[in-house]
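Enquirer: Take this sequence and fold it.
(one chain, ligands or ions: 1)
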Amino acid sequence: MEPLELIEKFYPPGSLSLRLLTEHSRLVAGKALETAGKVPHLAPDPDFIFEASMLHDIAIFLTGAPSIGCHGDKPYICHGYLGREILENAGLPRHALVAERHVGVGITAGDIRTHGLPLPARDMTPRSIEEIIVCFADKFYSKGGKTPAREKPVEEVRRSIARYGEDKLAVFDGWLRLFGHF
Ligand SMILES: [Fe+2]
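Expert: Next up is the predicted model:
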């Protein structure tokens, strides 16, 4: 499976969105593989982690995010579950769940109902170790902006997650412990 071949079906060659998507996805893949190395006892699958990292944001082109070259009509938060649809249609159901479950530290059906999010009201939290690793690694890199290649310090990531609630920060802190950050 060659992730770039699938990505190139949806993104025009040379486009800003393609450049930012592939740059971000490669950075996430690197961090995800490094993270996988911290938990050998859980036997995460490195080939799958690489592919899923490359594909987790494949649906951003369907959303309205002009600063990163995306001119779709869906809210940005929808790119996770829309990515699931694309990847399921491509015959990649396992990768599809990584896409659906990587937004924030995962979104619960309760979050969707409570906040009236424009998402199908189902559980979208990462469960397998590979789903957790890609979601975790993604939080260390922005897309676009001035310095997309810069890895955010842990405290900066924690502050941005804390804006969504103490419960979300507790999830992330649990992952920091799991991956040996403290
Ligand atoms: Fe994303």
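
Enquirer: Need phi/psi at the closest residue to I107 other than its chain neighbours.
Expert: Nearest non-adjacent residue to I107, counting by CB to CB, 6 or more residues apart in numbering: M124, 4.4 Å away. Any C-beta I mention is one placed from the backbone N, CA and C, and that applies to glycine too. Note on M124: backbone dihedrals following degrees, to the nearest 10 are phi -120, psi 40.

Enquirer: Now do the contacts for M124.
Expert: By CB atoms under 8 Å, 6 or more residues apart in numbering, M124 lies in contact with 80-81, 100-101, 103, 106-109, 112.

Enquirer: Could you rerun that using 10 Å?
Expert: 80-81, 84, 97, 99-104, 106-109, 111-112, 117 (CB atoms under 10 Å, 6 or more residues apart in numbering).

Enquirer: Keeping just the C-alphas, turn stretch 14-27 into CSV.
Expert: Taking Å, rounded to 0.1, in the frame of the first residue of the first chain, the C-alpha atoms of stretch 14-27 are listed here in CSV:
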residue,chain,number,x,y,z
GLY,A,14,1.8,21.1,-6.7
SER,A,15,-1.1,22.4,-4.6
LEU,A,16,-0.5,24.1,-1.2
SER,A,17,-2.9,21.6,0.4
LEU,A,18,-0.9,18.7,-0.9
ARG,A,19,2.4,20.1,0.2
LEU,A,20,1.2,20.9,3.7
LEU,A,21,-0.6,17.6,4.1
THR,A,22,2.4,15.5,3.1
GLU,A,23,4.8,17.6,5.2
HIS,A,24,2.6,17.3,8.3
SER,A,25,1.9,13.6,7.8
ARG,A,26,5.6,12.8,7.4
LEU,A,27,6.3,14.6,10.7
